[in-house]
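**Q** Quick one, structure for this:
(chains A and B)
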Amino acid sequence: MQDVIIIGCGVVGAACAYRLSRFRLRLTVLEALSDVAGGTTKANSAILHAGYDPEPGTLMARLNVEGVRLAEEICAKLDVPYRKTGSLVLAFDEKDRSCLRTLLARGEKNGVTGLHLLSGDEARALEPELSGEVQEALLAPSAAIVNPWEYALAMAETAVRNGAELHLSCPVTAITREGDGFAVTTPKGVFHSQYIINAAGVHADNVHELIGKKNFTIRPAKGEYYLLDKSEGTRVSRVIFQCPDPKGKGVLVSPTVHGNLIVGPTAEPSGPEDTSNTAQGLQKVRDLAVRSVPGVRFRENIRNFAGVRASSDRGDFILEESPAVPGFFNAAGICSPGLSAAPTIADELTALLAEKGLALEEKEEFIDTRRRVRFHELDDGARNALIAADPRYGRVICRCETVTEGEIIACLRAPIPPASINGVKRRVGAGMGRCQGGFCGPRVQEILARELGVPPEAVPLEEPGSYILTGETKEAWT
Amino acid sequence: MTEHQLVVIGGGPAGLSAALSAWEAGITDILLLERDKYLGGILNQCVHNGFGLHRFKEELTGPEYAGRYVELLESTAVRVKTDAMVLSVSPDRTVRYVSPADGCRTVHAGAVVLAMGCRERTRGAISVPGTRCSGILTAGAAQRFINIEGKMVGRRAVILGSGDIGLIMARRMTLEGAKVLACVELMPYSSGLNRNIVQCLQDFNIPLLLSHTVTDIIGDRRLEKVVVSAVDEHRRPIPGTEQTFECDTLLLSVGLLPENELTRALGAEMDPRTNGAAVYENMETSIPGVFACGNVLQVHDLVDFVSEESARAGAAAADYIQNGETASRRTLTVENGNAVSYTVPQRIRMEAVDQGVQVFFRVNRVFEKSAVTVTAGEKQIARFKREHMAPGEMERIFLPEKLLALAEGETITVSAEEAEA
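**A** Residues are numbered from 1 along each chain as shown, chains lettered A, B, ... in the order given. I've put the predicted structure just below:
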């Protein structure tokens, strides 16, 4: 019998597991996909918002600012790439200028520090690539960029090191009452717990329906992106927003912590799993982005992707015990600024659970650090020390991102090892560069197969079924 | 820091040929750095024949062609390090590399030859819409899986792009028992060699759909189908022309890009037309003593020409080591004229021209009976007849020293024109 089962291991589930794992609790995390951070968490703008967007009085407003402050601490402790770049919201006309004033007022109410308005010329002095049409801009120095999937992974790994159980490829198919707790059925068996946190993202409403009548509906909305080569990575040095519209925060242009440039997203209603790109969506991204930064060279694109926001019909985060199902807590409707607020969302739920009687006894032995080797960031002295201990750190597998075999082996020995080519990519960056795995893909596959003790054919690109190889050559003729 | 006369970066056909020719020119202290486990570069996975017709006057497979050079290299004292990835090159010719055997090491060279080759453009480069399922590979990655690892990548395939690797892989997949449904080319002409269109598509009844492209990729986990549409003269898909191919594999052969990250970081002047360094008549870049050759300089069609170009680079590097900088009192710039998309070299130092200069270029459309002209100002200094020219086939002309001497200004222009009837 567990104290808490967390359903879903995106950034919210991971944050809940991490924050709860510092207490003496029996925790289980159930993730439907074969890796953590496989849904909305891996496909978004990768931004920690300053906190001027949400309407004062909402949960979003209350949790965003403190969430971003905590994120900075957590990223430092858990070795997650994070950079406080600041952001600019641009105004192109009178309507936009009045929007900036609304955002400034909201930001001040929400406790965002350092906000101020800049003239068009002042904004261009900071960001010379901005359009000449920019009349005014709102500067938010506390906005930051982060590696979102490593953020979630780092928190999940730390939770696991502190005793949380994580089960991947473990979708929940049924939930039933069992005394005043729950029985949760999955293909990997039945799990029992006193409480449930529903952090199932785009499927949170479906998961809720397994046990009782839901009081919200997820309205998934897709966002399409461009990810440009590092040659475009310094075109801007801050996150460049346009004024938000009712659908979202508009198209942004931003550096990434990996040194690329990200441009997007669109915002269109979609199916919960629909992460396809469309010609129209991509066209829209290009057309809108050049309003802000006319010089973006889209021919330097290395990858398009799309992510699905787990927005709900409530318009705010849903952090509450289900009225219909005592002991079942929702962390649902987590769209932007969900990444920014993840740790405070977790703390909010922790407080709700405590109110319901969950005993929170801090563990003295709580491990709150994490380190991983990033070969390309080291100086030659540190590199040589690594190579002397393990020569595989001297073998560069991903030439675009300078990722070594040693790093790939190390991620396979980490608390949450990858089981796919993309899992390796998310952990060490192999295949994230300009050749997109054209050269290193086959070598990563070979290493994964060797280390996992399976034939190369059994190593998928992502989920089971996304096989890369169909068998041996000459098979068709035998 | 160790000192070498010459460091060659890359052990594919370009690096091998450059190292050999420098050795033959009397350079005895040569270090060749190769990032893969073996020499030969991409030739190792090119198991088809057609290599060596110019260089060896016989038809070889890729590994055989590489083997010839590796054998020649083994008869020299050129030092080879495999598994050695170069991390940076500085203008003072300091080279940093890392390998499991040596760790991170810094060496200094009297001259450097850049021979890092090229990479394939990917799905991202052309922004094909659709899902990101498995079963979508560059043709070269598929070639590596099939020819080196002995693994099949799919059973029913569509090829996007008609570059040579795509055409070769259409045949290879067919010979391995897969069904290749079509080769789809955006342009109204193929970017591959004519002999490959005949031998790899026509001989196997694989349709070549010119002026078509893939407009959607459908598949949840593995590729299930692709949608192909005709495009108009502006290369925009024409609504209503969609046809769906049920397939589990999409191979991309949509162009090659010289792999010049080291060159750019070094600060060598680049030519946006080739995506390679701008070079002089002897393959020297704008950084004295640093030479570039092979596909890192310009994407070639034939390895024989890579070898030839690289031999010149190696010999020029030897000359630099032995005799110092090339004089450059008078420099001619080679410019694109009508229908020419680039030239290599980009500059000619007149004092350095011995018998003449080999100029490589590509045309940007298909020509039948035609001519290549070289002009200096208003004056035509050379004219070469051609029966056929296409963007997929690199052209070359030899400009003898005495013709070049006719150029009085600072530029010469290479142009293509329809032959007069």
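
**Q** Which positions in the stretch 201-350 of chain B make contact with chain A?
**A** Contact residues of the stretch 201-350 of chain B with respect to chain A, defined by CB under 8 Å from any CB of the partner chain, are listed as B:215, B:217, B:220-222, B:237, B:248, B:261. In short, each C-beta sits where N, CA and C put it, glycine included.

**Q** How many residues are close by residue B:126?
**A** When neighbours are counted by other CB atoms under 10 Å in any protein chain shown, residue B:126 registers 18.

**Q** give the contact list for the closest residue to it other than its chain neighbours.
**A** Setting aside the residues directly before and after it, residue B:126 is nearest to residue B:254 in space (CB to CB, 6 or more residues apart in numbering or on different chains), at 5.5 Å. For residue B:254, the contacting residues are B:120-121, B:125-126, B:160-161, B:163, taking CB atoms under 8 Å, 6 or more residues apart in numbering or on different chains as the criterion.

**Q** how about the strands of the stretch 101-250 of chain A, start to end?
**A** Along the stretch 101-250 of chain A, counting by DSSP state E, counting those that start in this stretch, strands occupy A:116-119, A:136-140, A:144-146, A:165-167, A:174-178, A:181-186, A:189-198, A:221-228, A:239-242.

**Q** roughly how far is the longest helix seen in chain A from the heart of the chain?
**A** Using DSSP state H, we find that the single longest helix of chain A is helix A:59-78. Its chain's average C-alpha position is 14 Å from that of helix A:59-78, according to CA atoms, centre = their mean, to the nearest Å.

**Q** If you count neighbours, what's buried in it?
**A** For helix A:59-78, the buried set under the neighbour-count rule, 16 or more other CB atoms under 10 Å in any protein chain shown, comprises A:59-72, A:74-75, A:78.

**Q** Can you spell out which helices and strands pack onto it?
**A** Helix A:59-78 sits against strand A:47-48, strand A:82-83, helix A:94-110, strand A:144-146, helix A:148-161, helix A:338-355, with contacts defined as 3 or more CB pairs under 8 Å, 6 or more residues apart in numbering or on different chains; DSSP states H and E.

**Q** by how many degrees do that helix and helix A:338-355 diverge?
**A** Calculated by axes from the mean of the first three to the mean of the last three CA atoms, to 10 degrees, helix A:59-78 forms an angle of 100 degrees with helix A:338-355.

**Q** Alpha carbons of stretch B:93-109, in CSV - could you do that?
**A** The C-alpha trace of stretch B:93-109 is given here as CSV (Å, rounded to 0.1, in the frame of the first residue of the first chain):
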residue,chain,number,x,y,z
ARG,B,93,47.4,26.0,-37.5
THR,B,94,47.0,24.7,-34.0
VAL,B,95,44.7,21.6,-34.1
ARG,B,96,42.9,20.2,-31.1
TYR,B,97,41.5,16.7,-31.3
VAL,B,98,40.2,14.0,-28.9
SER,B,99,40.5,10.3,-29.1
PRO,B,100,40.1,7.4,-26.7
ALA,B,101,43.8,6.6,-27.1
ASP,B,102,45.2,10.1,-26.8
GLY,B,103,42.6,12.0,-24.8
CYS,B,104,42.4,15.7,-25.7
ARG,B,105,45.6,16.7,-27.5
THR,B,106,46.8,19.8,-29.2
VAL,B,107,49.2,19.7,-32.1
HIS,B,108,50.8,22.4,-34.3
ALA,B,109,51.2,22.0,-38.1
